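In: Build the 3D model from these lines:
(chains A, B, C and D)
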Protein chains: 2
Amino acid sequence: MKIEDAAARLEALGNPTRLRIYRALVRAGEEGMPVGRLQDRLDIAASTLSHHLKALVAVGLVTQTRDGTTLICRTNYTLMRGLLEYMAEECCAEGKGCAPFKLPKVA
Amino acid sequence: MKIEDAAARLEALGNPTRLRIYRALVRAGEEGMPVGRLQDRLDIAASTLSHHLKALVAVGLVTQTRDGTTLICRTNYTLMRGLLEYMAEECCAEGKGCAPFKLPKVA
DNA sequence: CCTTTATTTCTATAATTCTAGAAATACGGC
DNA sequence: GCCGTATTTCTAGAATTATAGAAATAAAGG
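Out: Residues are numbered from 1 along each chain as shown, chains lettered A, B, ... in the order given. Predicted coordinates:
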């Protein structure tokens, strides 16, 4: 992962509203959650929510699939894991006094 | 960790310049790196660098200790680890189809 | 085709951020 | 106290972001 991509993804997550959105989607699991339900749950104006979702989708952290008139949002687990792995590596590169750590393999 | 704190820390890291600064400091290891050396290495205007360092210090990701006229910067490994753990947990809460993962314990 | 529901785009405003030059401050040595 | 080096604060301008109301678009059903 390029440092610019990592920064862009961290920036996308680095807003309280977007992090709440992301967390809600993580908790929704594989089935995901429609935009409208997110709006009800988080009590955000529709246009604001759409704006933030766009940011999350732009960096790949969230994907959307349409089911009739509703748009279902899901987190991209693989990409998130890649981001955490990147951070874990960057966080302890060169092993100078930092305990090395890695994310465990997916079962 | 509160979600606002996590967001603030992610935001601090979510800027290419600041992520470069942070990475350089991680690589400097325990001994840290003076502001001036960071400036030379990363080729950033002094005032700009100071501005970004302030942001990293404000959220606790970087600490500074003075040694004469030079300010030595170090990353706060524990806090970074806490952030990654938070993200790892939030990333797979409720285990709905996501492989659970944790950061391994520090040796 | 018209209606309803779902969501986005448009528009505007207020606020924040990034950048860097210039001036100011901090520290240690003489 | 003055000087040199290191760093921050002040200032300002350009750019970006967050918010949300209003209008527009998308899809499905009748």
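
In: can the helix or strand bottoming out on mean pLDDT in chain A be found next to chain B?
Out: Within chain A, confidence by mean pLDDT, DSSP states H and E is lowest for helix A:77-91 among all helices and strands, at a mean of 90. Yes: Helix A:77-91 lies in contact with chain B when judged by C-beta under 8 Å from any C-beta of the partner chain; the contacting residues are A:77, A:80-81, A:84, A:87-88, A:90-91. Glycine gets a C-beta too; all of them are placed from N, C-alpha and C.

In: again with stretch A:45-58
Out: No: judged by C-beta under 8 Å from any C-beta, stretch A:45-58 makes no contact with chain B; its nearest approach is 11.2 Å.

In: buried set for that stretch?
Out: Along stretch A:45-58, these residues count as buried under the neighbour rule (16 or more other C-beta atoms under 10 Å in any protein chain shown): A:49, A:52-53, A:55-56.

In: Would you mind measuring from the most centrally placed residue in chain A to B:Tyr86?
Out: Closest residue to the average C-alpha location of chain A: A:Leu61 at 4.0 Å, with C-alpha atoms, centre = their mean. Taking C-beta to C-beta, to the nearest Å as the criterion, A:Leu61 is separated from B:Tyr86 by 16 Å.

In: Then A:His51?
Out: Here the distance between A:His51 and B:Tyr86 works out to 25 Å (C-beta to C-beta).

In: With A:Ala7 instead?
Out: 19 Å.

In: so of the buried residues of stretch A:45-58, which ones are in helices?
Out: When the buried residues of stretch A:45-58 are checked against helices using DSSP state H, the ones located there are A:49, A:52-53, A:55-56.

In: So which residues of chain A form strands?
Out: Taking DSSP state E, the strands of chain A run over residues A:33-34, A:62-67, A:70-75.

In: will you turn those into JSON lines that also has distance to B:Ile21, mean pLDDT and mean neighbour count?
Out: What follows is the strands of chain A, written out as JSON lines (distance: least, C-beta to C-beta, whole Å; pLDDT from 0 to 100; neighbours: other C-beta atoms under 10 Å in any protein chain shown):
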{"stretch": "strand A:33-34", "distance to B:Ile21": "36", "mean pLDDT": "98", "mean neighbour count": "20"}
{"stretch": "strand A:62-67", "distance to B:Ile21": "28", "mean pLDDT": "96", "mean neighbour count": "14"}
{"stretch": "strand A:70-75", "distance to B:Ile21": "28", "mean pLDDT": "97", "mean neighbour count": "19"}
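
In: if we compare those, which one ends up closest to DNA strand D?
Out: The closest of these to DNA strand D is strand A:62-67. By C-beta to the nearest atom of the strand, the value is 5.9 Å.

In: by contact count, what packs against the closest one?
Out: Contacts defined by 3 or more C-beta pairs under 8 Å, 6 or more residues apart in numbering or on different chains; DSSP states H and E place strand A:62-67 against helix A:16-28, helix A:46-58, strand A:70-75.
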